[in-house]
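In: Test case, fold it:
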Amino acid sequence: MFSNHRKTIGVFVESAINEFSNKLCQGVISEAEKKGYNVAIFTPYGNYGENERYFKGDNQLYHLPPYEDFDGVIVALDTMQKQESRQIVLEHIKNRCHCPVISVRELVENANNFFVDNSTCMEGIIRHFVEEHGFTRLCFMSGPESHWDAVERMECFKRVMAEYQLPVGEHQLFYGDYWKNKGGEACDWFLEGQQMPQAIICANDYMATAVASELIRRGIRIPEEICVSGYDGMEDALKFTPSITTMSVPFYEMGRKAVAVIEEKQETPEQVQDYYFDIRLMAGESCGCMKENGTEIVKMRRDWHEEAKVDQNRQMQFHFLTIHLSASHTISEMSEHIQNFILNIEGIKDYCVCFCEDLKNREDFSDYSDTMEMRIGMRNGVSMGHINIPFDKKELLPSEITDEGPQIWYFTPLHFQDKTFGYEATSFMTPEITGNLYLYWNIIIGKKIQDTLIYHQMQNLIVELENLYDRDSLTGMYNRRGLEDRGGKLFEEAREEKKPLFLSIIDLDGMKQINDNHGHVEGDYALKMIQKAISTSCREESIQARSGGDEFVVIGKDIDESEGAAWMEGIDAFLTTFNQSGKKKYDIHASYGYVCRIPGEKDSMETYIKESDEIMYKNKIENKKRRNEPLR
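Out: The predicted structure follows:
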């Protein structure tokens, strides 16, 4: 994998841009680079907007990796929004992996599980409110009741409250969603109690910011009237105003420890155990105790302000990329624009786009092809120009964009709805800035690939329609309409350039007899043999047409009479050879007449056709006499 013979760790997280996923991956990368491991992070964006077709295409990335070649696997199942994603990854790991497996924050059989103890994890913050603030009226917002960790956190709250002999009434408990959708419902429930709560403790930071926002909207002051706390130590919660008091989970250290465990158990992957990590209280403005963590929070807010300015430039790059791509109609044109704009995205060292093989002619878009093609590449901040490098899918990337050092790559899917086009691979300059992937950028490219494929299909349809319009359906030659259009233009060119124009009329002899004696299928066969004789004997660039019935026309510019005569002799020789082969019970003959001269002022296509036709008719009579055929 990666063509450098180093051991490789596969990491499976959804939406690596989320803080937990980001910090976990940063810890993995930091330790892996020290120990000389490659890291391949597979990170779809998830089921945004509950679009099942989009979700199916996004999820296809989990089928891409060569699981059997990994030397270690780290999986964060709780980052995956839907059960289908978890099942795909777990099935591949179970059936194909032969290496140490780490599961972070969720129990997986036959894996090394990394946990914080949910039975005690909420204790620190509850004790803080009771012992430091003297509160007795505490409410608790847990996660979904169907989640085992949410149930354990709720039980922890009840146990510690009982230890302090504090009452827990109906309106002090609420099951949320671990997201930001139920802040209003939670506040309604808690505020319906007999007394206003002194603090609302939330089982994660997303719910805490939602509750705080709702309290502020209702005019309730934080922390003067109600304190709020969260859990996880997410930067978004600390940047929030007021900053949320929270319990910090060591995601970064989990990532580092995961690499250490993988290295330790290389020879004994079947020996698994559970690991527990300590958490710490980070008091913020939402409980009035910011002093201890004030410097850290101020720094985060300053960094957030700087990132906001960088994000303005990034959004501008996305908008202008969209504008430039709108004028692209081929993968090559797309590639040039993408390479130009990726250079302006901060923090990216290496980047490439790998497409399924022969994408524009592909009919099945349900999976990745065995051979992939790298069509876009940037290495060490420098564009690789126009490229098309095929490679084995199992390698993930071609050797042209990797080297002997530890390879650290994020893989994201490129698709439109459930159509799989390929994937992006991104490598960042340092572990500290890694993981800044952009769904908008990804969607722009996926949509443009779809538009390009549709454009290509439409162009093919236009060609087919044009062929139907000016082509003879039996022989594939130009029909009378095509002859008039192309032949007329060629005639005028010959007149203006004062070059000789060759025009021949060729007629199938005995067409009626073949149809009457052998059937119309054989008549069609004879017509196609005349077409084959013409295409074999005449220049490819000449205009060749079936002008109607059993009559054919050949036109060539800058053809002298000797070459034109040789064409006609070639037709005779072709048919003679065919007749001698005895393939049919009948012979195929043709008569022709031609004119070859520089068109004069009084000449026209019609005069050339008329002259050639008269010569052809005389030759037809002579040919019939020679073959002792009736003249009628």
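In: what's near enough to touch the nearest residue to Met605 once chain neighbours are set aside?
Out: Nearest residue to Met605, sequence neighbours excluded (Cβ to Cβ, 6 or more residues apart in numbering): Phe491, at 5.1 Å. All C-beta atoms are positioned from the backbone trio N, CA, C, and that covers glycine. Counting by Cβ atoms under 8 Å, 6 or more residues apart in numbering, Phe491 touches Leu501, Ile555, Pro599, Ser604, Met605, Tyr608.
In: Show me how to select, in ChimeraX, the buried members of these.
Out: Only the buried entries of the contacts of Phe491 go into this ChimeraX selection, using 16 or more other Cβ atoms under 10 Å:
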select :501,555,599,605,608
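In: okay, now the nearest residue to Ile408 once chain neighbours are set aside: neighbour count?
Out: Nearest non-adjacent residue to Ile408, counting by Cβ to Cβ, 6+ apart: Val39, 4.8 Å away. Counted with other Cβ atoms under 10 Å, residues neighbouring Val39 total 26.
In: swap in the one 3 residues further on?
Out: Here the neighbour count serves as a burial measure; for Phe42 (other Cβ under 10 Å) it reads 24.
In: partners of it in the sheet?
Out: Beta bridges link Phe42 to Phe12, Phe411, judged by DSSP bridges.
In: Isn't it up against Ile9?
Out: No. With contact defined as Cβ atoms under 8 Å, Phe42 does not count as touching Ile9 (11.4 Å).
In: Do you have the helices of the stretch 201-350 of the chain handy? List them.
Out: Residue ranges of the helices in the stretch 201-350 of the chain, as given by DSSP state H, counting those that start in this stretch, are 205-217, 235-239, 251-264, 294-325, 331-342.
In: Show me what stretch 130-145 is in contact with.
Out: Taking Cβ under 8 Å, 6+ apart as the rule, stretch 130-145 contacts 122, 126, 129, 149-151, 153-154, 157, 161, 164, 166, 171-178, 182, 186, 190, 193, 195-204, 207, 211, 227, 287, 289.
In: Can you flag which of those residues belong to strands?
Out: Among the contacts of stretch 130-145, the members found in strands (DSSP state E) are Leu173, Phe174, Tyr175, Ala199, Ile200, Ile201, Cys202, Cys227.
In: most neighbours, which of these?
Out: Result: Cys202 is most packed of the ones in strands among the contacts of stretch 130-145 (other Cβ under 10 Å), 33 neighbours.
In: quick one: the residue nearest to that residue when sequence neighbours are not counted from Leu166, how far?
Out: The shortest distance from Cys202 to any non-neighbouring residue, by Cβ to Cβ, 6+ apart, is to Ala208 (3.9 Å). Distance, Ala208 to Leu166, by Cβ to Cβ, to the nearest Å: 21 Å.
In: So between those two, which is more surrounded?
Out: Ala208 (30 against 15).
In: hmm, back to that, max pairwise distance over the contacts of Phe491: which two?
Out: Ile555 and Ser604 (13.0 Å; Cβ to Cβ).
In: Then Phe502 would be within a helix, right?
Out: No. Under DSSP: H, G, I helix; E, B strand; the rest coil, Phe502 sits outside any helix and is assigned strand.
In: residue contacts, it?
Out: Val554, Ile555, Gly556, Lys557, Ile559, Glu561, Glu563, Gly564, Trp567, Tyr594, Val595, Cys596.
In: same thing with Glu214?
Out: Per Cβ under 8 Å, 6+ apart, neighbours of Glu214: Gly183, Gly184, Ala186, Cys187.
In: cool, Gln317 as well?
Out: When contacts are counted by Cβ under 8 Å, 6+ apart, Gln317 touches Phe341, Asn344, Ile345.
In: my guess is the first one meets Ile323, correct?
Out: No. In terms of Cβ under 8 Å, Phe341 does not count as a neighbour of Ile323; the distance is 10.4 Å.
In: Just want to know which of the two has more residues nearby.
Out: Phe341 (17 against 9).
In: quick one, phi psi at the residue nearest the centre of the chain?
Out: The geometric centre of the chain, computed from its C-alpha atoms, lies nearest to Leu414 (Cα atoms, centre = their mean), at 1.1 Å. The phi/psi pair for Leu414 (degrees, to the nearest 10) reads phi -110, psi 120.
In: Tell me which residues touch it, please.
Out: Counting by Cβ under 8 Å, 6+ apart, Leu414 has contacts Val353, Phe355, Thr420, Phe421, Gly422, Tyr423, Glu424, Asn442, Ile445, Gly446, Ile449.
In: ok, now with 6 Å
Out: Phe421, Gly422, Tyr423, Glu424, Gly446 (Cβ atoms under 6 Å, 6 or more residues apart in numbering).
In: which regions of the stretch 151-300 of the chain lie under the pLDDT threshold?
Out: 291-300 (pLDDT under 70).
In: for the stretch 501-632 of the chain, what spans make up the strands?
Out: Here the stretch 501-632 of the chain has its strands, by DSSP state E, counting those that start in this stretch, at 501-509, 543-548, 551-557, 589-597.
In: how about those, which one is nearest Met282?
Out: Of the strands of the stretch 501-632 of the chain, nearest to Met282 by Cβ to Cβ is strand 543-548, at 81.4 Å.
In: which residues touch stretch 389-409?
Out: Residues outside stretch 389-409 that contact it (Cβ under 6 Å, 6+ apart): 2-4, 29, 33, 36, 38-40, 66, 352, 368, 370-374, 377, 379, 425, 427.
In: Mark which of those are buried, thanks.
Out: Looks like those have 2-3, 29, 33, 38-40, 66, 352, 368, 372-374, 377, 379, 425, 427 buried, using 16+ other Cβ under 10 Å.
In: So Ala40: helix, strand or coil?
Out: Secondary structure, three-state DSSP: Ala40 is strand.
In: what about the residue nearest to it when sequence neighbours are not counted, is that helix, strand or coil?
Out: Spatial nearest neighbour of Ala40, excluding adjacent residues (Cβ to Cβ, 6+ apart): Gly10 at 5.3 Å. Three-state call for Gly10 (three-state DSSP): strand.
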